[in-house]
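# after the sequence you'll find the predicted model.
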Protein chains: 2
Amino acid sequence: MVEPELGARKVAVLRAVVEEYVRSGEPVGSETIAERSQLGVSSATIRNEMAALEELGYLSHPHTSAGRIPTDAGYRKYVDALPPGGKLRDQQRRAIAGFFAETMLDLEDVLRGTTQLLSKVTQYAGLAVPPSGSEDTVLRVELIEVGTAIMVLVVGQHGGVEKLLVERPDGVQPDDLRRFERRFADRFAGKPIAEAQATALRAAAESPGAERALLLGVSDVLANMQTGARAHHIVVGGVANLADEAAHWRRETVRRLFEALERESEMLHLLRDVTAEDISVTIGAEHPATEEWEASIVAAPFRAGETALGAIGVVGPTAMDYVSVMASVRAVARRLSELATELGA
Amino acid sequence: MVEPELGARKVAVLRAVVEEYVRSGEPVGSETIAERSQLGVSSATIRNEMAALEELGYLSHPHTSAGRIPTDAGYRKYVDALPPGGKLRDQQRRAIAGFFAETMLDLEDVLRGTTQLLSKVTQYAGLAVPPSGSEDTVLRVELIEVGTAIMVLVVGQHGGVEKLLVERPDGVQPDDLRRFERRFADRFAGKPIAEAQATALRAAAESPGAERALLLGVSDVLANMQTGARAHHIVVGGVANLADEAAHWRRETVRRLFEALERESEMLHLLRDVTAEDISVTIGAEHPATEEWEASIVAAPFRAGETALGAIGVVGPTAMDYVSVMASVRAVARRLSELATELGA
DNA sequence: CCCTAGCACTCTCGGGGGTAGACTGCTAAC
DNA sequence: GTTAGCAGTCTACCCCCGAGAGTGCTAGGG
């Protein structure tokens, strides 16, 4: 694709239009831009620039006598042209600092809180994808009698816990459980989840009845740690903001958005893909998922040390305050990484 | 309060108005009722009855030349007059049976699925309150090294697991942990959560540094099992339906509803209160919470054997299909109780 | 005494028409 | 390259009006 090099003034006009539209929610006219932007040119000049920007596909026109609104491509251009280090408003900075000053030691709680923090700070909805566990290793395997069943419980190196009840195999005694537990410890402890899972499955095939059933249980639990259960869920906070900010969202769009948040899987892919970069912005039609609901997603990964754990982000209308949201997401991701590094070290 | 004894025909008219309004979403006229209900009287008679019902506070009038809509009191009267055993539509029966035919062994997953089932079957949103744990007893206490911290993990008799990371006290060795673990087992195993928590707290006061820190951790975990963490969360499914059915809900109302679902606490009280009865219906202004968002909640408790565990329910507009929703909630609660009884036995 | 037919009355909803206002795009001058 | 000025276009809004829906009331009938 040819990247049309825009003049500095066109960029300035585009920025002014985006920011004014985000602020007011209404199509922006040339007069407004001429007044509010510090460009020192008349509205006629702005009109010419706007016409050019429309030609280039960055702005559009609801109808002849209306002002301009940015297209998805326009938002993209705007975001890409943004100066790298965004500033937080004091209030936001304080909210974020305050949140991370509290001591919280359970990652799940932290993420839940994080989504609420993001939604409070940005006025949109906050998202978080918990660690998938695929980088984790097995720390401990426990077999515990619960009622008539056996609970298979695995603890990961990063403090993740996953459990499953399996039917108690006939004739298994408490002593047997302890014996199995020791055997499992020898076999699995310290191994990466995926490898341990494969081992468990292989071992199950060669083992007699009782141990077989338990090994299958272990395998299931490990499978869940990798891809299932906790890891398949995204954490969402502040969804009420979506129904509100929705002032200029159609009902139907809101409904679709909620459905997607509940289906989780596509949202998950979208956020997982983010893990490679520093911060990523997906705008409207750029992604089949977001196209459907005219939304943008700003997301950033968080890490413990060098290993990527998960991602956090914000969903909002394409007409969102990108500067502020990007700064917030980046700041929260950084703090979260620090916290995770500290915990996991 | 004087209970005005309504004539049978008034009850029939009220029922017809409620059902027609729920079906169509529009104010109902006397003509419509005369045609569709099998009362065999003319619209003029219906008009008289309607005027009387309005006088009694069961119906209201958006404006002079509009039909009637039920008031909250009208819905209440209608619900109370409903014949006890509601019938499920075949499709609903099948969906419910299918859901419970799958083997699921983790209560949390089951509840999550339950809310989605309810929302699918009723077209409103499904709710569930997990067991509070206050009826639970301690099955096992584990101390596990995770990174630089110690994870305190407690398993309850019903298979609930709760954990917390605490900082590792200075100079604690793996052997010490195992020693503490044995001591904790002697002290806490088999005791009710509340009692164990009190014991842990008392013991902490009398113990030296290292053990003290861990006992405090145990106490915190037990406290969470009773009232915190998991128990403070409600499970919600199918919220997208609220933004949809909202066809005749104001945006603002939808937003408030979502906020409440996220705040959780008031919703929780509302549902906890339900635990006493068989099935409970809260309509609009009957409860300060539901008044604000013009919604009704149909809820029922579920039990394992004799002990009440939690509750499930459905939130929807006051103009909901009570017959169908009540039948569904009742059926799901019954199946869920069976399942829980089986698991906990 | 209850029910019903009929009718006058009320009020909303939707469409038509006309206008004010907001922008644009163009042209011509600087 | 920029700007002032102006004609042209399209929407949003207001007002008005008539159709239609539904009520309440009254008078008559079983």
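Right, received. Where do you want to start?

# how close does A:Thr307 get to A:Ala196?
Using Cβ to Cβ, to the nearest Å, A:Thr307 is found at 18 Å from A:Ala196. C-beta here means a position set from N, CA and C on the backbone, and glycine is covered the same way.

# who has more neighbours, those two?
Each of A:Thr307 and A:Ala196 has its neighbours counted (other Cβ atoms under 10 Å in any protein chain shown); A:Ala196 has more, 26 against 13.

# surely that one and A:Asp136 touch.
No. Distance between A:Ala196 and A:Asp136: 9.8 Å, which falls outside the contact criterion (Cβ atoms under 8 Å).

# A strand includes A:Gly159, no?
No. Counting by DSSP: H, G, I helix; E, B strand; the rest coil, A:Gly159 falls outside a strand, being coil.

# so who does it touch?
With contacts defined as Cβ atoms under 8 Å, 6 or more residues apart in numbering or on different chains, A:Gly159 is in contact with A:106-107, A:343-344, B:146-147, B:149, B:151, B:163, B:165.

# pairing partners for the helix or strand hosting A:Ala311, with directions?
Per DSSP states H and E, A:Ala311 falls inside strand A:307-317. The pairing partners recorded for strand A:307-317 under DSSP bridges are strand A:125-129 (antiparallel), strand A:295-304 (antiparallel).

# deepest-packed of these, please.
When you average the neighbours per residue for each of the strands paired with strand A:307-317 (mean count of other Cβ atoms under 10 Å in any protein chain shown), strand A:125-129 leads with a mean of 28.

# that one: what's the following helix or strand?
By DSSP H and E, the next helix or strand past strand A:125-129 is strand A:138-146.

# can you name the element that comes right after that next one?
strand A:149-156.

# that next one and chain B, are they touching?
Yes. With Cβ under 8 Å from any Cβ of the partner chain as the measure, strand A:149-156 is seen reaching chain B through A:149, A:151, A:153, A:155.

# out of those, which one sits closest to A:Leu118?
A:Leu118 lies nearest to A:Val155 out of those, by Cβ to Cβ, at 28.9 Å.

# residues from the stretch 51-200 of chain A in reach of chain B?
Residues of the stretch 51-200 of chain A lying near chain B (Cβ under 8 Å from any Cβ): A:105-106, A:109, A:139-140, A:142, A:144-149, A:151, A:153, A:155, A:157-159, A:161, A:163-166.

# among those, which ones are buried?
Buried by 16 or more other Cβ atoms under 10 Å in any protein chain shown: A:105-106, A:139-140, A:142, A:144, A:146-147, A:149, A:151, A:153, A:155, A:157-159, A:161, A:163-166, out of these.

# give the buried residues for the strand holding A:Ala311.
A:308-317.

# can you name the next helix or strand after that strand?
Beyond strand A:307-317 toward the C-terminal end (DSSP H and E), the next one is helix A:322-344.

# show me what the mean pLDDT comes to for that next one.
Mean pLDDT, helix A:322-344: 90.

# if we go by neighbour counts, what in it is buried?
Across helix A:322-344, burial judged by 16+ other Cβ under 10 Å covers A:322-333, A:335-337, A:339-341, A:343-344.

# same check on stretch A:58-67?
A:58-60, A:67.

# what does stretch A:80-92 give?
A:86, A:88, A:92.

# for stretch A:102-117, same thing?
A:104-108, A:110-117.

# which of those residues lies closest to A:Glu31?
A:Leu117 (39.1 Å).

# which helix or which strand is home to that closest one?
Counting by DSSP H and E, A:Leu117 is found in helix A:107-122.

# now do that helix and strand A:125-129, the angle between them.
If you take axes from the mean of the first three to the mean of the last three Cα atoms, to 10 degrees, helix A:107-122 sits at 150 degrees to strand A:125-129.

# tell me the helices and strands packed up against helix A:107-122.
Contact partners of helix A:107-122 among helices and strands, from 3 or more Cβ pairs under 8 Å, 6 or more residues apart in numbering or on different chains; DSSP states H and E: helix A:90-101, strand A:125-129, strand A:235-237, strand A:307-317, helix A:322-344.

# mean confidence score for that helix?
For helix A:107-122, the per-residue pLDDT averages 91.

# which residues are contacting it?
Against helix A:107-122 from outside (Cβ under 8 Å, 6+ apart): A:92, A:95-96, A:99, A:104, A:124-128, A:130-131, A:158-160, A:230, A:235-239, A:241, A:310, A:312-314, A:316, A:320-321, A:324-325, A:328-329, A:332, A:336, A:339-340, A:343, B:229.

# next one: stretch A:58-66
A:14, A:17, A:27, A:50, A:53-54, A:68-71, A:73-74, A:77.

# who wins for most neighbours among these?
Scoring the contacts of stretch A:58-66 on neighbours with other Cβ under 10 Å, the highest-scoring entry is A:Val17 at 29 neighbours.

# against A:Pro70, how distant is that residue?
Distance, A:Val17 to A:Pro70, using Cβ to Cβ: 6 Å.

# got it, and A:Arg89?
Counting by Cβ to Cβ, the gap from A:Arg89 to A:Pro70 is 23 Å.

# count of residues packed around A:Glu49?
Counted with other Cβ under 10 Å, the neighbours of A:Glu49 add up to 25.

# any chance of the buried residues of stretch A:80-92 in JSON lines, with pLDDT too?
Formatted as JSON lines, these follow (pLDDT from 0 to 100):
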{"residue": "A:Gly86", "pLDDT": "78"}
{"residue": "A:Leu88", "pLDDT": "90"}
{"residue": "A:Gln92", "pLDDT": "93"}
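
# out of those, flag the one nearest to B:Leu216.
Using Cβ to Cβ, A:Gln92 comes nearest to B:Leu216 of these, at 34.3 Å.

# leaving aside the residues next to it on the chain, what's closest to that closest one?
With Cβ to Cβ, 6 or more residues apart in numbering or on different chains as the criterion, A:Gln92 has its nearest non-adjacent residue at 4.8 Å, and that residue is A:Val121.
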